[in-house]
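Asker: Mind looking at a prediction? Sequence and model below.
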Amino acid sequence: MALWRAYQRALAAHPWKVQVLTAGSLMGLGDIISQQLVERRGLQEHQTGRTLTMVSLGCGFVAPVLGGWYKVLDRLIPGTKKVDALKKMLLDQGAFAPCFLGCFLPLMGTLNGLSAQDNWAKLRRDYPDALLTNYYLWPAVQLANFYLVPLHYRLAVVQCVAVIWNSYLSWKAHQF
């Protein structure tokens, strides 16, 4: 509980910095889980550069984009009733999620050094499966998030759930 209170104080004092660091840290954790538990690389074969790339992507892309999106979404659909949460989830999953994945996957490919042609081919191959997998997890999470969680905690809640999602995305992004 002391750690949670410290997080709340830091979030209140420095919301942007804390959200960026939270997203980056949890993206990195997702990659570590992917490499160690899914791919079973072991510590000797762990690709530290790959983990740092995921941390950088979390800090420089995921946190700003998601943090901004949640603010826009709250302005577009104000309110905290069940119907408001449902509308937010439908807009989030119907419009934002497909665009976000369509940007995330090629950005990851670029950071991994893929050529434009290889990146396009990888996007065409991986995008449908990633979007379908997204729909298995995120609608229920986002419905609860939009209904139960105050705006300033939404990114943190999503990023905690996203540790599993980030493990999947890291694994997906690094299959060649």
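Answerer: Good, I have the coordinates.
Asker: how far away is the residue sitting furthest away from the middle of the chain from residue 25?
Answerer: Distance from the C-alpha centroid of the chain, by Cα atoms, centre = their mean, peaks at residue 44 (27.1 Å). Relative to residue 25, residue 44 is positioned 24 Å away (Cβ to Cβ, to the nearest Å). Where you see a C-beta, it was placed from the backbone N, CA and C, and this is true even at glycine.
Asker: Residue 46 too?
Answerer: Note on residue 46: its distance to residue 25, by Cβ to Cβ, is 17 Å.
Asker: and the longest helix anywhere in the chain, how far out from the chain's middle?
Answerer: Longest helix of the chain, by residue count under DSSP state H: helix 116-148. Chain-centre distance of helix 116-148: 10 Å, with Cα atoms, centre = their mean, to the nearest Å.
Asker: Same check on stretch 74-82?
Answerer: Centre to centre, stretch against its chain (Cα atoms, centre = their mean), the figure for stretch 74-82 is 22 Å.
Asker: Just the CA atoms from it would do, formatted as PDB, please.
Answerer: The C-alpha trace of stretch 74-82 is given here as PDB (Å, rounded to 0.1, in the frame of the first residue of the first chain):
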ATOM      1  CA  ASP A  74     -13.300  12.100 -22.300                       C
ATOM      2  CA  ARG A  75     -14.000  15.400 -24.100                       C
ATOM      3  CA  LEU A  76     -15.800  13.700 -27.000                       C
ATOM      4  CA  ILE A  77     -17.900  11.600 -24.600                       C
ATOM      5  CA  PRO A  78     -18.100  13.200 -21.200                       C
ATOM      6  CA  GLY A  79     -19.700  11.300 -18.400                       C
ATOM      7  CA  THR A  80     -19.200   8.200 -16.300                       C
ATOM      8  CA  LYS A  81     -22.500   6.400 -16.700                       C
ATOM      9  CA  LYS A  82     -22.600   2.800 -18.100                       C
END
